[in-house]
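**Student:** Predicted coordinates and the sequence they were generated for:
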Amino acid sequence: MKPADQPDFTLRDLLEEQVRDLYDAESSYLEFIFRVSDHLVYPELRVNVDDIAIATRENVDRLVEVCEILGVPPTGVVCAAMEGLISEAKAHTKEYESGSVMEASFVASAQRIVHYEIAGFGTGKAFAKKLGLTDVEKIFNEMLNQSISIDKQLTKTATGSWFSEGINDLAATGSTE
């Protein structure tokens, strides 16, 4: 990584660093998902977590593809932001241990993480577009749209719908189902 004040630090350099940061973030998130998924009971949330795991695995693969296009290794950058988000999520899941409050906490953490993804993928898409990297822009657009869809699924799981309670309703009443 070149220092930011060095005159030859370009938007392309920044994009490369951002992609590697996102690769680390997605890899770390995938590990966390697998550790937590066995503790979830709410059926809709388990489906969401399965969808998130699949999407995150796809994101890791897509980010490797972007790194190949850019000619950089995917490793070598640590995403401190994702470390913080996951650390907070772990603390909350341990604090609440099980039941609907823990699951509501997991949804809250998952939404914070997906919002981080949306910001990162949107930024990557914008950088790629500005640099004329249409293949990279397309990949970031796919990840961005997928993250937006997951965010909507998580919101529905949290708040419910016309015909079903959400996890927040269950947590508010202390119900486990």
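**Tutor:** Noted; the coordinates are in hand.

**Student:** Contact partners for Leu22?
**Tutor:** Residues near Leu22 by CB atoms under 8 Å, 6 or more residues apart in numbering: Asn59, Leu63, Cys79, Glu117, Gly120, Phe121, Gly124. (Each C-beta comes from the backbone N, C-alpha and C, glycine too.)

**Student:** can you do 10 Å?
**Tutor:** By CB atoms under 10 Å, 6 or more residues apart in numbering, the contact set of Leu22 is 59-60, 62-63, 66-67, 74, 77, 79, 82, 116-117, 120-121, 123-124, 140, 143.

**Student:** helix/strand/coil for Val72?
**Tutor:** Per DSSP: H, G, I helix; E, B strand; the rest coil, the secondary structure class of Val72 is coil.

**Student:** Can you pull the phi and psi angles for it?
**Tutor:** Dihedral angles of Val72 (phi, psi; degrees, to the nearest 10) stand at phi -130, psi 150.

**Student:** Next one: it from Arg46, what distance?
**Tutor:** Distance, Val72 to Arg46, by CB to CB, to the nearest Å: 36 Å.

**Student:** which of those two has more neighbours?
**Tutor:** Val72 (19 against 15; other CB atoms under 10 Å).

**Student:** Without its sequence neighbours, what residue ends up closest to the more buried one?
**Tutor:** Spatial nearest neighbour of Val72, chain neighbours left out: Glu16 (4.8 Å); criterion: CB to CB, 6 or more residues apart in numbering.

**Student:** and the spatially most central residue of the chain, what pLDDT?
**Tutor:** For the chain, Val114 is the residue whose C-alpha lies nearest the centre (CA atoms, centre = their mean; 4.1 Å). We have a pLDDT of 96 for Val114.

**Student:** In contact with it, which residues?
**Tutor:** 29, 52, 55-56, 146-155.

**Student:** Restricted to helices, list the contacts of Leu22.
**Tutor:** 59-60, 62-63, 66-67, 82, 116-117, 120-121, 123-124, 140, 143 (DSSP state H).

**Student:** among the residues you listed, who's most crowded?
**Tutor:** Going by other CB under 10 Å, Phe140 tops the ones in helices among the contacts of Leu22 with 28 neighbours.

**Student:** on that earlier part again, could you single out the nearest of the ones in helices among the contacts of Leu22 to Asp21?
**Tutor:** Of all the ones in helices among the contacts of Leu22, Asp21 sits closest to Gly120, with 7.5 Å by CB to CB.
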